[in-house]
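J.: Only the shape, not the letters, is given here:
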């Protein structure tokens, strides 16, 4: 009988293996395209049948993703999408790219990982490699995923192979693509690590093997905690320097000229995206299990969570001083709703929190975002679902009490905004980058 490891290794080396990717979102779909380009057959699985149908039809589902590349992958016959989880027996390697959000109590929500693991377990066969890519706390692969899969009677390291390789996707980044970004790989044993390393080595330019799945899980948390803490630092400096009449963006730009000992981070209206606002709390939650305090991480989270409230306070102050009115009854136009520039990703966007705070204080909130025509359903902000982007027109700008710049997409007409809005509150330094200063502009 053929050894499961040998058979899988030969298939991976020959690019004759079929790769299954569960979750066709901002991580899974680009990964599927990269695997196809590497020469593998790929089946993408997603629980949303409408999304599956759109992908198979070659329709755009992610604004910054090259739809032509999706169509090209479909045309090769080596890629298709499916919502039938019963097909998970077919792939030789299954890569899990599902969400790992937080609960309202800011505790890890692994419901999507557990559900996916259960779907895989119903179809699991000897010789399959299963890799978790979803960001989570150190120990998840061993303590959550492995028991569900081994309940089938198949043993990890002998019959099946289990690994963790954290996604490092940066949506909209044209420089650091999935294929050019090194891939960290940790396995449940050397065999699983080597098989996962062989698979990803065919997809990306460089792999970084580590000693265990827990080490690989910790790598991803460390990367994003580093960003969260440093963003909290510049956000706090922004508050301090604002009170002193000092421009934080000018300070950062000058400090960044030092060729050593300084790394520039930018302040903003709050954290957004699928990683930085969430990942630190996966570690703080797990740290409590081993009776270790994470005061530094938690303080950074507190600073970042307060930024939307600070921005609204600055907006209210500017309205009072410049326009002689308060927020109650004021029409506020949010410029940009996505969590970062040039993407349509709404996950954890601070714009949603800003809208709720403003409306709680009596304002009427409109938004303009060229990449977000309509607010999708979200767990945290269901009352905003379905609201549509307003066209950016001089009449609308003049009518509103203020324009609040939340996301600085390329292509937005900053000159029109400054020319017609009675007040512009800029949280991204977008106006200054466009050469616009003074007038109705207030930085926040």
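T.: Yep, that arrived. Just so you know, these numbers come straight off a predicted model, no measurement behind them.

J.: what domains does the record give for the chain?
T.: Under the assignment automatic domain parsing, the domains of the chain span 4-211, 226-443.

J.: Could you dump these into CSV and include mean neighbour count?
T.: The C-beta positions use only the backbone N, C-alpha and C, and glycine is treated the same way. Formatted as CSV, those follow (neighbours: other CB atoms under 10 Å):
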stretch, mean neighbour count
domain 4-211, 19
domain 226-443, 18
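
J.: of all those, which lies closest to residue 219?
T.: domain 4-211 (4.9 Å; CB to CB).

J.: any idea of the mean pLDDT in the closest one?
T.: For domain 4-211, mean pLDDT is 95.

J.: now that domain: how far from the chain's centre is it?
T.: Centroid separation for domain 4-211 versus its chain: 17 Å, with CA atoms, centre = their mean, to the nearest Å.

J.: ok, back up a step: turn the domains of the chain into a markdown table, columns for distance to residue 220.
T.: Shown next, in a markdown table, are the domains of the chain (distance: least, CB to CB, whole Å):
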| stretch | distance to residue 220 |
| --- | --- |
| domain 4-211 | 3 |
| domain 226-443 | 7 |
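
J.: Check the gap between residue 435 and residue 276 for me.
T.: The gap separating residue 435 from residue 276 is 30 Å, by CB to CB, to the nearest Å.

J.: which residues touch the most centrally placed residue in the chain?
T.: Central residue of the chain (CA atoms, centre = their mean): residue 274, 3.0 Å from the mean position. Residues near residue 274 by CB atoms under 8 Å, 6 or more residues apart in numbering: 26, 99, 135, 345, 347-348.

J.: Helix, strand or coil: sort out it for me.
T.: coil (DSSP: H, G, I helix; E, B strand; the rest coil).

J.: repeat for residue 161
T.: strand.

J.: The residue nearest to residue 163 when sequence neighbours are not counted and residue 20: what is the separation?
T.: Leaving aside its sequence neighbours, residue 163 sits nearest to residue 196 (CB to CB, 6 or more residues apart in numbering; 3.7 Å). Plainly put, residue 196 is 14 Å away from residue 20 if you go by CB to CB.

J.: Tell me which two of the contacts of residue 274 sit farthest apart.
T.: Using CB to CB, the two most remote members of those are 135 and 345, lying 15.1 Å apart.

J.: quick revisit: filter the contacts of residue 274 down to the ones in helices?
T.: Secondary structure from DSSP state H places none of those in helices.

J.: mind pulling up the phi and psi values for residue 164?
T.: The phi and psi values for residue 164, taken as degrees, to the nearest 10, are phi -130, psi 130.

J.: Quick check: it touching residue 143?
T.: No: checked against CB atoms under 8 Å, the pair residue 164 and residue 143 is beyond contact range at 11.9 Å.

J.: sorry, back to before: closest one of the contacts of residue 274 to residue 283?
T.: For these, the nearest to residue 283 is residue 135 (10.4 Å; CB to CB).

J.: For that closest one, give me its contacts.
T.: 100, 166-167, 217, 220-221, 224, 274-275, 278-279, 282.

J.: Serialize those to a markdown table and add fields for secondary structure.
T.: Below are those laid out as a markdown table (three-state DSSP):
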| residue | secondary structure |
| --- | --- |
| 100 | coil |
| 166 | coil |
| 167 | coil |
| 217 | helix |
| 220 | helix |
| 221 | helix |
| 224 | helix |
| 274 | coil |
| 275 | coil |
| 278 | coil |
| 279 | helix |
| 282 | helix |
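
J.: Which parts of the protein are strands?
T.: All strands of the chain, identified by DSSP state E, fall at 18-22, 41-45, 79-82, 93-96, 129-132, 161-164, 183-187, 207-209, 331-335, 364-368, 402-405, 424-426, 441-443.

J.: The last one pairs with which strands, and in what direction?
T.: Okay, so that is strand 441-443. The pairing partners recorded for strand 441-443 under DSSP bridges are strand 424-426 (parallel).

J.: Need the contact partners of the strand it pairs with.
T.: 311, 314-315, 318, 402-405, 417-418, 431-432, 439-444.

J.: same thing but 6 Å
T.: Strand 424-426 is contacted from outside by 315, 402-405, 417-418, 440-444, using CB atoms under 6 Å, 6 or more residues apart in numbering.

J.: can you list the strands of the chain in CSV and add distance to residue 119?
T.: CSV is the format used below for these (distance: least, CB to CB, whole Å):
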stretch, distance to residue 119
strand 18-22, 8
strand 41-45, 8
strand 79-82, 12
strand 93-96, 10
strand 129-132, 11
strand 161-164, 16
strand 183-187, 22
strand 207-209, 27
strand 331-335, 38
strand 364-368, 37
strand 402-405, 43
strand 424-426, 46
strand 441-443, 49
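
J.: pLDDT of stretch 412-427, averaged?
T.: 97.

J.: what's the nearest residue to residue 191 if we skip its chain neighbours?
T.: residue 5 is the one closest to residue 191 (CB to CB, 6+ apart), at 5.5 Å.

J.: Against residue 92, how distant is that neighbour?
T.: Residue 5 is 12 Å from residue 92, by CB to CB.

J.: where exactly do the helices run in the stretch 101-250 of the chain?
T.: With DSSP state H, counting those that start in this stretch as the criterion, the stretch 101-250 of the chain has helices at 111-123, 140, 146-150, 190-201, 213-244, 248-255.

J.: Tell me which of those helices approaches residue 361 most closely.
T.: Across the helices of the stretch 101-250 of the chain, residue 361 has its closest neighbour in helix 213-244 (19.6 Å, CB to CB).

J.: next one: that closest one to chain centre, how far?
T.: A distance of 15 Å separates the centroid of the chain from that of helix 213-244, by CA atoms, centre = their mean.

J.: can you map out the helices along the stretch 301-444 of the chain?
T.: Under DSSP H, counting those that start in this stretch, the stretch 301-444 of the chain gives helices at 350-360, 394-399, 414-420, 430-433.

J.: and those as a markdown table, adding distance to residue 229?
T.: Shown next, in a markdown table, are these (distance: least, CB to CB, whole Å):
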| stretch | distance to residue 229 |
| --- | --- |
| helix 350-360 | 17 |
| helix 394-399 | 37 |
| helix 414-420 | 31 |
| helix 430-433 | 25 |
